[in-house]
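A.B. asks: make a model of this:
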Amino acid sequence: MFYQMNKTMIKGENLEEMVDRRNKRLLYFFTKIGISVRLVGDPQKPAIIIDEEFVLSGYVQNFKLHFTDKPFGGKIVRTYILEKEPDVRRNDVLFLLQTYEHGKVSKIKLKGTDLFLVGYNFLYLDEGVERHPVFAKFKPKVYFKEQSAIKRVSELQDLGYDVLQI
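C.D. replies: Model prediction:
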């Protein structure tokens with residue numbers, strides 16, 4: 001396989017294709033060792049959500065996954081190369097997940113159900129914003145700041161939805 005100078009982009013591959021390939025490897029890295037993850041946000045700098053409970057303290061840069069000791073500006077404690085077949089052991093990653101601080105995420109749940117806020121449908125977008133919440137079992141909308149979730153819960157309750165922040 002021919003690589004360009006930066007050794008991450010394959011000849012003829014554009015940035016979007018390279019980022020997609022890298023993110024597939026990132027997902028496979030965790031899938032291979034049985035850890036449930038989901039990428040949210042900007043594909044070039046995705047937040048890595050672990051078990052729908054917390055956001056990983058770390059980041060991807062090119063084809064490297066850097067684990068940090070705390071959210072937002074922590075020092076790198078371990079780096080893995082995101083290879084096609086990653087050299088990774090579950091216990092090593094579990095140690096990193098259990099030893100270092102990670103960011104909590106909040107979700108909004110419809111009371112008495114197993115449904116979470118996943119997004120919004122919009123009506124009459126040309127005339128102004130009229131959005132309607134959508135609830136589902138999978139891929140809940142995550143809030144990185146608890147106050148943002150609390151505010152959204154209050155807004156939804158004012159509209160008559162019986163929801164809670166978890």
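A.B. asks: can you map out the strands along the protein?
C.D. replies: 37-40, 47-50, 54-55, 58-61, 64-68, 76-81, 103-104, 108-110, 116-123, 130-136, 163-165 (DSSP state E).
A.B. asks: nearest to residue 14, of those strands?
C.D. replies: strand 58-61 (18.1 Å; C-beta to C-beta). From N, CA and C alone the C-beta is placed, and that goes for glycine too.
A.B. asks: what residues sit buried inside that closest one?
C.D. replies: Neighbour counts over strand 58-61 (16 or more other C-beta atoms under 10 Å) mark 58-60 as buried.
A.B. asks: ditto for stretch 136-143
C.D. replies: Buried-residue list, stretch 136-143, by 16+ other C-beta under 10 Å: 140-143.
A.B. asks: now the buried residues of strand 58-61 in TSV, with distance to residue 101 and pLDDT?
C.D. replies: Supplementary listing: the buried residues of strand 58-61 in TSV, determined by distance: C-beta to C-beta, whole Å; pLDDT from 0 to 100:
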residue	distance to residue 101	pLDDT
58	11	95
59	15	95
60	19	95
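A.B. asks: list just the nearest of those residues to residue 20.
C.D. replies: The closest of these to residue 20 turns out to be residue 60 (C-beta to C-beta; 12.6 Å).
A.B. asks: contacts only, for the closest one.
C.D. replies: Residue 60 makes contacts with 22-23, 26, 45-46, 48, 66, 82, as judged by C-beta atoms under 8 Å, 6 or more residues apart in numbering.
A.B. asks: now the buried members of the residues you listed.
C.D. replies: Counted by 16+ other C-beta under 10 Å, the contacts of residue 60 give 22-23, 26, 46, 48, 66, 82 as buried.
A.B. asks: farthest pair in the residues you listed?
C.D. replies: Farthest pair in these, by C-beta to C-beta: 23 and 66, 15.1 Å.
A.B. asks: looking at this protein, which helix is longest?
C.D. replies: When the chain is parsed with DSSP state H, its longest helix is helix 15-32.
A.B. asks: who are the packing partners of it?
C.D. replies: Applying 3 or more C-beta pairs under 8 Å, 6 or more residues apart in numbering; DSSP states H and E, we find helix 15-32 packed against strand 37-40, strand 58-61.
A.B. asks: now with 7 Å, please.
C.D. replies: strand 37-40 (3 or more C-beta pairs under 7 Å, 6 or more residues apart in numbering; DSSP states H and E).
A.B. asks: list the buried residues in the strand it packs on.
C.D. replies: 37-38.
A.B. asks: restricting to C-alpha, output it in CSV.
C.D. replies: Output of strand 37-40 as CSV, limited to C-alpha atoms (Å, rounded to 0.1, in the frame of the first residue of the first chain):
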residue,chain,number,x,y,z
VAL,A,37,-18.2,2.6,22.6
ARG,A,38,-19.9,5.3,20.5
LEU,A,39,-18.3,8.3,18.8
VAL,A,40,-20.1,11.6,19.0
